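>>> Would you be able to build a 3D model of this:
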Amino acid sequence: MLEEQFITMGKRIRLRRKELGLTQNKLAELLELSNNHLSAIENGREKPSLEKFIILCELLKTTPDFLLLGNIHLYNVPQNIADNLSLCSAEDIRLIGQIVELLVARNQKLWNGEINAGE
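The predicted structure is shown next:
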């Protein structure tokens with residue numbers, strides 16, 4: 001069972017890496033790991049050390065809870081927004097998810113210098 005959790009964690013790492021537009025080679029370089037070792041982590045065959053796991057969370061701009069358990073905390077979301085989300089339908093939540101994905105893509109372009117902040 002624990003093996004399945006590491007496979008799932010590896011999938012979350014890969015997904016988040018791709019969402020941020022990082023290649024496996026680039027992330028491995030930033031982590032000071034071999035590409036083969038990072039590949040093994042993403043496939044659940046290896047486990048990152050605690051030190052590398054903390055750095056991985058920072059580089060992937062995510063929480064340990066998300067990588068380990070798939071949980072996302074609403075740290076910077078005002079309480080009224082979090083409360084209102086609980087009143088939304090499943091279709092509303094899908095639409096909100098699409099809007100958030102668009103905002104993340106826009107911010108990613110900002111981080112990469114592809115567009116100016118005023119645009």
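
>>> pLDDT weak spots in this protein?
Filtered on pLDDT under 70, the chain yields the residue ranges 1, 72-77, 112-119.

>>> Tell me which stretches of it form helices.
2-19, 24-31, 35-42, 50-59, 64-69, 79-85, 90-111 (DSSP state H).

>>> Quick one: these as TSV, columns for mean neighbour count too.
The C-beta positions use only the backbone N, C-alpha and C, and glycine is treated the same way. Output for these, formatted as TSV (neighbours: other Cβ atoms under 10 Å):
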stretch	mean neighbour count
helix 2-19	15
helix 24-31	16
helix 35-42	18
helix 50-59	15
helix 64-69	16
helix 79-85	10
helix 90-111	11
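
>>> which residues does Gly44 contact?
Glu3, Glu4, Phe6, Ile7, Thr8, Met9, Gly10, Lys11 (Cβ atoms under 8 Å, 6 or more residues apart in numbering).

>>> Tell me which residue is most central in this protein.
Geometric centre of the chain, nearest residue: Arg16, 3.5 Å, by Cα atoms, centre = their mean.

>>> Just give the nearest non-adjacent residue to that residue, would you?
Leu60 (4.4 Å; Cβ to Cβ, 6 or more residues apart in numbering).

>>> gap between the spatially closest residue to Asn25 that is not a sequence neighbour and Arg106?
Nearest residue to Asn25, sequence neighbours excluded (Cβ to Cβ, 6+ apart): Asn35, at 5.4 Å. Noted for Asn35: a distance of 30 Å to Arg106, by Cβ to Cβ, to the nearest Å.

>>> Break this protein into its domains for me.
By the record's domain assignment, the chain is partitioned as 2-69, 79-111 (automatic domain parsing).

>>> Name the nearest of the contacts of Gly44 relative to Lys26.
Sorting the contacts of Gly44 by distance to Lys26 puts Gly10 at the head of the list, at 17.3 Å, by Cβ to Cβ.

>>> Surely the closest one touches Ser39?
No - applying Cβ atoms under 8 Å as the test, Gly10 and Ser39 come out as separate, 9.2 Å apart.
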